[in-house]
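J.: compute the structure for the input listed below.
(3 chains)
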Amino acid sequence: MALNDTIAGLYEALLAAFGYRDWWPGETPFEVMVGAVLTQRTNWKNVEKAIAALAAEGALDAHSLAQMDLERLQTLIRPAGYYRQKSARVQRLARWLVERTGGDLKPLDGVPTDLLRAELLALRGIGPETADSILLYALERPVFVVDTYTKRVVVRHGLLEPEAGYNDLQESFQSWLPDRVDLYKDYHAQLVELGKRYCRTRPRCEGCPARALLGEPLAEYCA
DNA sequence: GTCCAGGGCCTAC
DNA sequence: GTAGGCCATGGA
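T.: Below you'll find the model as predicted:
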């Protein structure tokens, strides 16, 4: 079977197993942007608490966050962890948007995805996954988001070498899949669910819905 | 008590 | 250029 078919088939299998994930709830695209930073290496439940605190403060907009006192921001987002780093990251993102568009997301519509990605990556604290999460989930750009689970699944089943980097994984998925925002969104969500359940640092492969398509994982990962 | 979560940066070899 | 340390809260 061609790899395109395998990867497409894997999505169908995951969808059947887990159901549509309806990922990344958020009242506004800006809230999704903020969440992308807050969720770095952090359980989403904790992020929700931080976002709720920002919402209660009426601060879920670029202007509010751009000018908020840093210590106040730290207090509000504390439940999301790494609050000293994340407060600065969120504020840099907010200030970038204010300078870029006056604080609105609409004016970004005409900006090429590659240019936006470069601008986001230039912000300290915004790496590839955070930038791509913003592009895909907040700005609806067809960019595949790679995370640690994505790499684990792909490498353990021998689809790519362990040396493969973020861009290798991203380009591979984008070559394997049709260029569709809705598919990219849910596929990433499905891979996260798969990873959480079956593909942690210590694999628990019993019942894994990916095995039928991808085969048994390489022995070196099954110790 | 231990593990881990929807990363990214900085520093040392 | 890459391995290792660091950031921090909260739930299982």
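J.: drop to CA atoms for contacts and neighbour counts, all remaining ones
T.: Will do.
J.: would you mark the buried spots in stretch A:82-91?
T.: Within stretch A:82-91, the residues scored as buried using 16 or more other Cα atoms under 10 Å are A:83, A:86, A:87, A:88, A:89, A:90, A:91.
J.: just send those back as JSON lines, with secondary structure too.
T.: Putting those into JSON lines (DSSP: H, G, I helix; E, B strand; the rest coil) gives the following:
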{"residue": "A:83", "secondary structure": "helix"}
{"residue": "A:86", "secondary structure": "helix"}
{"residue": "A:87", "secondary structure": "helix"}
{"residue": "A:88", "secondary structure": "helix"}
{"residue": "A:89", "secondary structure": "helix"}
{"residue": "A:90", "secondary structure": "helix"}
{"residue": "A:91", "secondary structure": "helix"}
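J.: out of those, which comes closest to DNA strand C?
T.: Distance to DNA strand C across the buried residues of stretch A:82-91 (Cα to the nearest atom of the strand) is lowest for residue A:83, with 4.3 Å.
J.: what is the burial count for the nearest residue to that closest one once chain neighbours are set aside?
T.: Once flanking residues are discounted, residue A:83 sits nearest to residue A:74: 5.5 Å by Cα to Cα, 6 or more residues apart in numbering. Neighbour count of residue A:74, defined by other Cα atoms under 10 Å: 21.
J.: which residues touch residue A:74?
T.: Residues in contact with residue A:74 (Cα atoms under 8 Å, 6 or more residues apart in numbering) are A:83, A:84, A:86, A:87.
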